[in-house]
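Participant: Quick one, what's the 3D model for this:
(2 chains)
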2 protein chains.
Amino acid sequence: MIKVSVMYPNTPDARFDFEYYRNRHMPLVKARLGDACKSCGIDKGLAGDNPGAPATYIAIGHVLGESIEALEAAYAPHADEIMGDITNFTNITPIAQVSEVLL
Amino acid sequence: MIKVSVMYPNTPDARFDFEYYRNRHMPLVKARLGDACKSCGIDKGLAGDNPGAPATYIAIGHVLGESIEALEAAYAPHADEIMGDITNFTNITPIAQVSEVLL
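Facilitator: Below you'll find the predicted structure:
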């Protein structure tokens, strides 16, 4: 299984609307990816390494699929719409990575 | 649900033994945390934002539990043993964050 993680760095002036992200952005992503998206998830950053330290990422979104190729093929036609929706919930430029789920 | 994510930055001289991490380190963590660990996971970084770009993290380990307090209480007595095991599979200093699993 492949996981695409979209990580939103926690900056001092970060704006992030979790209500929009959870109830509008993620459902949009899921709808556009269709069957290529096997599941998705949202982590809300609470704390960092040490007590009181801020989380490195204010939010991390995950999309799971069977292969990079299947996810890319489903995403490409909707990339502009999905990327364009990001400013509706945050002023952060996210970092993405593709991982293999080993466990 | 609470997720502790331990992220290993992908540096040019990074050494990371996935066999040890999966078959020895994670089982050690799971055994020491006991019932406080509801599940755990490993992501192996494959690629970054753009085709051919390296993943930000070579590996990300996840431990899920019901609360920060329960995970901390289970972890504290074994912190030295668990942290001391890290050099057995990598030369990277990881970054950890605690998140609330929203979805």
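Participant: Residues contacting stretch A:8-25, please?
Facilitator: The contact list for stretch A:8-25 (C-beta atoms under 8 Å, 6 or more residues apart in numbering or on different chains) reads A:42, A:44-45, A:54-61, A:85-86, A:88-92, A:94-95, B:102-103. All C-beta atoms are positioned from the backbone trio N, CA, C, and that covers glycine.
Participant: Just the buried ones from these, in ChimeraX syntax?
Facilitator: ChimeraX command restricting these to the buried ones, with burial defined by 16 or more other C-beta atoms under 10 Å in any protein chain shown:
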select /A:42,44,45,55,56,57,58,59,60,61,86,89,90,92,94,95
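Participant: Tell me the residues of chain A that contact chain B?
Facilitator: A:2-3, A:5, A:7, A:18, A:22, A:26, A:40-49, A:55-57, A:60, A:68, A:95-103 (C-beta under 8 Å from any C-beta of the partner chain).
Participant: How about the residue nearest the centre of chain A: what's its closest non-neighbour residue?
Facilitator: Centroid-nearest residue in chain A: A:G61, 2.8 Å away (criterion: C-alpha atoms, centre = their mean). Counting by C-beta to C-beta, 6 or more residues apart in numbering or on different chains, A:G61 lies nearest to A:V6, which is 4.5 Å off, once chain neighbours are set aside.
Participant: The closest residue to A:A53 other than its chain neighbours: how many residues sit nearby?
Facilitator: Excluding its sequence neighbours, the residue lying closest to A:A53 (C-beta to C-beta, 6+ apart) is A:A47, at 6.3 Å. Applying other C-beta atoms under 10 Å in any protein chain shown, we find 17 residues neighbouring A:A47.
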